[in-house]
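Asks: heads up, no residue letters with this:
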Ligand SMILES: [Zn+2]
C-alpha cells in the first residue's frame with residue numbers, strides 16, 4: 001500500500017516541493033512540505049527514499 005502522487009492535484013511525490021520545516025530523526029529526516037495545491041505533507045526521508053506519511057487537505 002503506497003500512494004505515489006498527491007490525491008488532490010496528482011503531483012508525483014518525487015517532485016521537489018517547498019519545505020516548511022524539517023527535523024532530523026534517528027533514521028533520517030522528517031520533512032513537512034507544501035504541495036502546489038496547498039496540501040501539507042509529512043515526508044520521511046530515509047537513505048534517499050521518500051515516504052509520505054500523511055497529507056493534509058488543500059487550502
Ligand atoms: Zn497536491
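Replies: Received it, and whenever you're ready, just let me know what you need. Not measured: the values here are computed from a predicted model. Residues are numbered from 1 along each chain as shown.
Asks: which residues of this protein lie near the ion?
Replies: 6, 8-9, 11, 35, 37, 39 (C-beta under 5 Å from the ion). C-beta coordinates here come from the backbone N, C-alpha and C atoms, glycine included.
Asks: so which of the residues you listed are in strands?
Replies: Using DSSP state E, no member of these falls within strands.
Asks: got the residues you listed as JSON lines, with neighbour count columns?
Replies: Output for the residues of the chain next to the ion, formatted as JSON lines (neighbours: other C-beta atoms under 10 Å):
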{"residue": "6", "neighbour count": "20"}
{"residue": "8", "neighbour count": "16"}
{"residue": "9", "neighbour count": "12"}
{"residue": "11", "neighbour count": "15"}
{"residue": "35", "neighbour count": "20"}
{"residue": "37", "neighbour count": "14"}
{"residue": "39", "neighbour count": "19"}
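Asks: and the residues you listed as TSV, adding pLDDT and distance to residue 45?
Replies: Formatted as TSV, the residues of the chain next to the ion follow (pLDDT from 0 to 100; distance: C-beta to C-beta, whole Å):
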residue	pLDDT	distance to residue 45
6	93	17
8	95	21
9	96	21
11	93	17
35	95	16
37	95	21
39	96	18
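Asks: in helices, which of those appear?
Replies: Using DSSP state H, no member of the residues of the chain next to the ion sits in helices.
Asks: of those, closest to residue 18?
Replies: Of all the residues of the chain next to the ion, residue 18 sits closest to residue 35, with 9.0 Å by C-beta to C-beta.
Asks: just checking, that closest one touches residue 5?
Replies: No - with contacts counted by C-beta atoms under 8 Å, residue 35 stays clear of residue 5, the gap being 10.1 Å.
Asks: need the contact list for residue 18.
Replies: 33-34 (C-beta atoms under 8 Å, 6 or more residues apart in numbering).
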